[in-house]
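Visitor: Based on what follows, work out the 3D shape:
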Amino acid sequence: MKQSMDGCGEFHDHFRLSITKALGDQLAEALERLESAELSERNLAALEERPGVYQLYHKGSLVYVGKADQRHKGLPGRLRNHVRKLSGRRNIDPADISFRCLYVDEGFSALAPEQLLINHHRSRGGIPWNNSGFGSKDPGRRRDRTVLKKDHFDVQYPINLEARLHGLPVGEVDLRSYLRSLKTALPYNFRYAEPVDPGDTTLRVPDGEPTADEALRVASAALPASWQITALLNYVIMYEEDQHYKSASRYYRAGDVIDQEPEKSAAPLTSEDVEDTE
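Guide: Okay, the predicted model is just below:
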């Protein structure tokens, strides 16, 4: 009679049950049975505002697994966030993005269904955008000076300063109101500090739908000369400073513009490169 080192033999063995793996496999199978739909407002309008999990595809290839809860107004709210983000990026066409999704009961969320899906797909080759910061929220001031790695989502698809903006006020506008409107209109994050006392500072906003670059120039021209607007690879910041950022592509100071080539690291991505998701 043969017996292995772990106590198993020809007629006795250990039973190993992985409930989480089974759940992940079932979620993946349920999504696989669905058709992919273009990530468009028309398709998102057909969704219920319920929590769930979803998968994004770029030109038919799976690139991202995510979750949505009531903070995002369910699946349609979370997916609209992605539409907005992708609309403000270079090197990618939002029309090439499709999705599949499953509604998931709130009680199931404690099992982290999106992580079960991530584990499932990582064991079969990976999901590139989950490892490169696609779903990351604003990392805060502490990461503004970070040099991103060449395979990071924001390096491959940096913000588009030529994106057209909708909903900005026109005519004479006070600076504070303009900055608030600009934050809403930009398809990427705009983090800024308000001048301590903008007083009666106003600016003239021309008619039409300006590009992000044009709108930032208008803001810069109205700011005191000690203030700087910096376009990084992934978002825009505005502070009273005269600073150099390695990942910046453009600076705005007193209405003037200075371009630079952003630095990128050749190091491979690690788990530390992925910020918390929104």
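
Visitor: Okay, helices next: where are they in this structure?
Guide: 19-32, 41-44, 74-87, 113-122, 153-156, 175-185, 212-222 (DSSP state H).

Visitor: how about those helices, which one is nearest residue 137?
Guide: helix 74-87 (10.1 Å; CB to CB). C-beta coordinates here come from the backbone N, C-alpha and C atoms, glycine included.

Visitor: Pull out the buried positions in the closest one.
Guide: Along helix 74-87, the positions that meet the burial threshold by neighbour count (16 or more other CB atoms under 10 Å) are 74-83, 85-86.

Visitor: low pLDDT regions in the stretch 1-150 of the chain?
Guide: Residues of the stretch 1-150 of the chain that meet the criterion pLDDT under 70 lie in 1-7, 15-18, 106-107, 109-110.

Visitor: same thing but 90
Guide: In the predicted model of the stretch 1-150 of the chain, residues 1-25, 69-73, 105-116, 119, 122-126, 131-133, 135-143 satisfy pLDDT under 90.

Visitor: For it, which segments count as strands?
Guide: Per DSSP state E, counting those that start in this stretch, the stretch 1-150 of the chain has strands spanning 37-38, 52-58, 61-68, 97-103. These are given in chain order.

Visitor: mind putting these in TSV, mean neighbour count and distance to residue 133 included?
Guide: As requested, the strands of the stretch 1-150 of the chain are exported to TSV (neighbours: other CB atoms under 10 Å; distance: least, CB to CB, whole Å):
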stretch	mean neighbour count	distance to residue 133
strand 37-38	16	24
strand 52-58	22	14
strand 61-68	21	11
strand 97-103	19	17
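
Visitor: out of those strands, nearest to residue 157?
Guide: Among the strands of the stretch 1-150 of the chain, strand 52-58 comes nearest to residue 157, with 10.2 Å by CB to CB.

Visitor: packing partners for that closest one?
Guide: Judged by 3 or more CB pairs under 8 Å, 6 or more residues apart in numbering; DSSP states H and E, the packing partners of strand 52-58 are helix 19-32, strand 61-68, helix 74-87, strand 97-103, helix 113-122.

Visitor: Reformat the buried residues of helix 74-87 as JSON lines; add distance to residue 133.
Guide: JSON lines is the format used below for the buried residues of helix 74-87 (distance: CB to CB, whole Å):
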{"residue": "74", "distance to residue 133": "24"}
{"residue": "75", "distance to residue 133": "22"}
{"residue": "76", "distance to residue 133": "23"}
{"residue": "77", "distance to residue 133": "21"}
{"residue": "78", "distance to residue 133": "17"}
{"residue": "79", "distance to residue 133": "18"}
{"residue": "80", "distance to residue 133": "20"}
{"residue": "81", "distance to residue 133": "15"}
{"residue": "82", "distance to residue 133": "13"}
{"residue": "83", "distance to residue 133": "18"}
{"residue": "85", "distance to residue 133": "11"}
{"residue": "86", "distance to residue 133": "14"}
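
Visitor: and of those, the nearest to residue 160?
Guide: Relative to residue 160, the closest of the buried residues of helix 74-87 is residue 86; by CB to CB it sits at 10.1 Å.

Visitor: Give me the distance between that closest one and residue 95.
Guide: 10 Å (CB to CB, to the nearest Å).

Visitor: With residue 61 instead?
Guide: Shown here: residue 61 relative to residue 95, a distance of 15 Å by CB to CB.

Visitor: Tell me how far residue 192 lies from residue 180.
Guide: Residue 192 sits 10 Å away from residue 180, going by CB to CB.

Visitor: more neighbours, those two?
Guide: The neighbour comparison of residue 192 against residue 180 (other CB atoms under 10 Å) goes to residue 192, with 17 against 14.

Visitor: Now do the contacts for the closest residue to that one other than its chain neighbours.
Guide: Among residues not flanking residue 192 along the chain, residue 238 sits closest, at 3.6 Å (CB to CB, 6 or more residues apart in numbering). When the contact criterion is CB atoms under 8 Å, 6 or more residues apart in numbering, the partners of residue 238 are 179, 190-193, 219, 223, 227-230.
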